[in-house]
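**Student:** sequence first, predicted model second:
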Amino acid sequence: MTDKLRETSIELEVPFHDIDGLGIVWHGHYYKYLEIARTRLLRSVGLDSGDIIGPRYRFVIVESHCRYTSALRYGDNVRVSAWFGDLRHRIRILYDVTNIATGRRAARGHTILATTDLEGRLLLETPPGIVERIGG
């Protein structure tokens, strides 16, 4: 099992506009929930766009994945947890989406962020300053 490096979480209530014709959360909205949690995680270590990232580097999402295990519905209270995984060549962020009332996992996912310089050139390793901020 992976250590949950710098785990953080957000809570939200599923809004009506996220529901599809079947009365469940449309699958694409889960990525929005993951992004909110990823932003909270990056901000918690000073890696939001205005800090070290903005003036020196950029993050580019090169992969995203979400596996759905239990449907969410309008009004469900949800916790989305996010934590850092691998940091060496890219930054892997992992997620659990949980229905708070039932305790059931609704989804599990990950995103992979590559680091580029300001001109968009891909860096083959995550810069040491970024790794240090995360604590890896």
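**Tutor:** Sure thing, it's come through. The shown structure was predicted, so the numbers you read here are calculated from the model rather than taken from an experiment.
**Student:** quick check: chain neighbours aside, which residue is closest to Ile24?
**Tutor:** Excluding the flanking residues, the one nearest Ile24 by C-beta to C-beta, 6 or more residues apart in numbering is Ala71, at 4.1 Å. Any C-beta I mention is one placed from the backbone N, CA and C, and that applies to glycine too.
**Student:** what's that neighbour sitting at in phi/psi?
**Tutor:** Main-chain torsions, Ala71, degrees, to the nearest 10: phi -70, psi 140.
**Student:** same question for the one 3 residues further on.
**Tutor:** Listed backbone geometry of Tyr74 is phi -50, psi 130, with angles given as degrees, to the nearest 10.
**Student:** right, and it touches Leu22 too?
**Tutor:** No - counting by C-beta atoms under 8 Å, Tyr74 sits too far from Leu22 to count as a contact (11.5 Å).
**Student:** between the two, which has more neighbouring residues?
**Tutor:** Neighbour count, other C-beta atoms under 10 Å: between Tyr74 and Leu22, Tyr74 has more, with 14 against 9.
**Student:** tell me how far the more buried one lies from Val97.
**Tutor:** Distance from Tyr74 to Val97, counting by C-beta to C-beta, to the nearest Å: 16 Å.
**Student:** low-confidence ranges, this structure, go.
**Tutor:** Applying pLDDT under 70 to the chain flags residues 1-2, 50-52, 136.
**Student:** strands along that one, start to end?
**Tutor:** With DSSP state E as the criterion, the chain has strands at 5-13, 57-68, 77-84, 91-99, 105-117.
**Student:** any chance of those strands in TSV, plus distance to Ala37 and mean neighbour count?
**Tutor:** Converted to TSV, the strands of the chain look like this (distance: least, C-beta to C-beta, whole Å; neighbours: other C-beta atoms under 10 Å):
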stretch	distance to Ala37	mean neighbour count
strand 5-13	5	15
strand 57-68	12	14
strand 77-84	4	20
strand 91-99	6	21
strand 105-117	10	19
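**Student:** I'm done for today, thanks for sticking with me.
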